[in-house]
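J.: quick one, fold the following:
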Amino acid sequence: MSRSTLRPPLTDVITDIFETHDVSETYCDPGTSAPGFFELLKPVGEHIEEHVLTSNTHSNAYRTLDELQDASCVSHTARLSDPQPLPHSEPADALIETHAPHTTIQEHITTSVNEATNRSVLPGVRVHSVQNAVLYGPEAIAATPGGSYLLSEAQANTWYLAAEISSAVADYHAHTNAYSDPETLGTVLPLTGFCTRNYYHWLIDYLPKLRAAEHYYACTGEMPTLLISNTESDWQRKILDALGYGEHVTVWDGHCARVSELLVTHGAHPRHDSAVLQSAQLEWVHEHVLQNIDSPRTSFPTHLYLSRDAHARRSVANRDALLDALPRSFTAVQPETLSFADQVAMFRDADVVIAPHGAALANTAWSRDVTVIELFGALQRDAYYQLATGLHHTYAAVTSSTTETEDGRATFTVDVDAVTRICEQLL
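T.: This next block holds a predicted model:
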């Protein structure tokens, strides 16, 4: 082994876990649903705590931006000022139509509302830099020169961190040569991580980091390199190109690199160490995208039904019956067939969006004042309720327990009367 080969911290420990659990390393891909991968996470998580740094407990590993500049344009914690509130009406209470024996969406919403109510004033964004950091594995998990992983770079989520470390160790065993004499990057802001394959998570959890990049530029006169995943680089690059960051984008090689200066953000993404989305960060990315995206199209339908492809993992079995029952003002659209600029413009102008649960609803982040009606089968999550609440939109949900699964795909039958009843109440 070359003296310059960099092994991910905890390689020996996690390799032992691989062997103890007799799980193939090929399962150690955060994008897979293989049971073996998830079985690894608990024992891996039990071993990582002492190797994790947070800004609060190990602040000597970080330098704040005021140490990088002569001007006093930021305070000691490099806080950003919060944007002015958007001109939205107050959020409406969630309207839940229940057609399932277990209303898990209701449980999620109750928890979210309670957590949001009990939180203190929203924190600003703190931007720190870590000198001579190292990035490892497909998710570019960050570690200090001393071999401590940075929890903040896994969205302060130990489950995500365990997944990313496991993936890095598996990649090291599969591509050891790539960890010899790795390249050195300059100043880097990673937009990579456990959930970046998912359109919703990348838009909501990672794109807000651009706020930190803009602040760094304002303080230093330099724009950091924006690192994106090599598995999803096409659509992510197109979005960043549309926002004017194209020349600063680098596609991650998926293995290993030294970083002269790693920008670490705290509070830049809307969750900010919480499962609850934070309005201030959502509003910033909302305004930033709307200010920088311009579509050549001048007219879009305003009442939208987001139609999922027939081969999607989740789809509405009685879609045609539902569309026939909706007011004629509704138009079925497939957002993924449009450019990012057109998606932004269409959702910006939308008045009503009806859709089965799925990533396309993330585009309601660009809506100014919209009513969202979300359709659920067995899989019920509160992500788009939180998004709607954070941006002061009106939200309703219809749930169903009728599910049929074929070849890994699930279809569910929506209660058409329930949907039309909500339309009559809200429109």
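
J.: ranges for the helices of the stretch 251-400 of the chain?
T.: Assigned by DSSP state H, counting those that start in this stretch, the helices in the stretch 251-400 of the chain fall at 279-292, 319-325, 340-349, 383-390.

J.: would you mark the buried spots in the first one?
T.: Using 16 or more other C-beta atoms under 10 Å as the test for burial, helix 279-292 gives 279-286, 288-290. C-betas here are computed from N, CA, C, even on glycine.

J.: now render the helices of the stretch 251-400 of the chain as JSON lines, adding distance to Glu214 and mean pLDDT.
T.: Output for those, formatted as JSON lines (distance: least, C-beta to C-beta, whole Å; pLDDT from 0 to 100):
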{"stretch": "helix 279-292", "distance to Glu214": "8", "mean pLDDT": "86"}
{"stretch": "helix 319-325", "distance to Glu214": "41", "mean pLDDT": "94"}
{"stretch": "helix 340-349", "distance to Glu214": "18", "mean pLDDT": "94"}
{"stretch": "helix 383-390", "distance to Glu214": "20", "mean pLDDT": "89"}
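
J.: would you tell me which of the ones you listed gets closest to Asp234?
T.: Judged by C-beta to C-beta, the one of the helices of the stretch 251-400 of the chain that comes nearest to Asp234 is helix 340-349, at 11.5 Å.

J.: got the contact list for the closest one?
T.: 235, 238-239, 242, 289-290, 293-297, 300-302, 304, 333, 335, 338, 353, 363-368, 370 (C-beta atoms under 8 Å, 6 or more residues apart in numbering).

J.: please check those residues and keep the buried ones.
T.: Of the contacts of helix 340-349, these count as buried by 16+ other C-beta under 10 Å: 239, 242, 289-290, 293, 295, 300-301, 304, 333, 335, 338, 353, 363-368, 370.

J.: low-confidence ranges in the chain?
T.: Applying pLDDT under 70 to the chain flags the ranges 1-4, 21-43, 45-126, 156, 266-278, 309-313, 401-409.

J.: show me how it divides into domains.
T.: Domain assignment for the chain, taken from automatic domain parsing, gives 20-69+124-273, 95-119+295-426.

J.: let's have those in a markdown table, adding distance to Pro8.
T.: A markdown table is the format used below for the domains of the chain (distance: least, C-beta to C-beta, whole Å):
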| stretch | distance to Pro8 |
| --- | --- |
| domain 20-69+124-273 | 4 |
| domain 95-119+295-426 | 30 |
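
J.: and His128, which helix or strand is it part of?
T.: strand 126-136 (DSSP states H and E).

J.: check what contacts whichever helix or strand comes after that strand and list those residues.
T.: As assigned by DSSP H and E, the chain's next helix or strand after strand 126-136 is strand 141-143. Applying C-beta under 8 Å, 6+ apart, the external contacts of strand 141-143 come out as 8-9, 130, 133-136, 149-150, 153-154, 161, 164-165, 167-168, 190, 193, 259, 262, 264.

J.: again, only this time at 6 Å
T.: 9, 133-135, 149-150, 153, 164, 168, 262 (C-beta atoms under 6 Å, 6 or more residues apart in numbering).

J.: for stretch 173-188, same thing?
T.: 2, 4-6, 25, 172, 224-225, 227, 255-262.

J.: and the residues you listed, which of them are buried?
T.: 6, 25, 172, 224-225, 227, 255-259, 261-262.

J.: redo those as a markdown table? Include distance to Ile204.
T.: As requested, the buried ones among the contacts of stretch 173-188 are exported to a markdown table (distance: C-beta to C-beta, whole Å):
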| residue | distance to Ile204 |
| --- | --- |
| Leu6 | 32 |
| Glu25 | 31 |
| Tyr172 | 30 |
| Pro224 | 21 |
| Thr225 | 22 |
| Leu227 | 18 |
| His255 | 27 |
| Cys256 | 28 |
| Ala257 | 26 |
| Arg258 | 30 |
| Val259 | 25 |
| Glu261 | 26 |
| Leu262 | 22 |
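
J.: wait, which of these is closest to Glu214?
T.: Looking across those and measuring by C-beta to C-beta, the closest to Glu214 is Pro224, at 10.2 Å.

J.: where does the closest one fall, phi/psi-wise?
T.: phi -70, psi 160 (degrees, to the nearest 10).

J.: next: Ile422.
T.: phi -70, psi -40.

J.: for it, what are its contacts?
T.: 373, 396.
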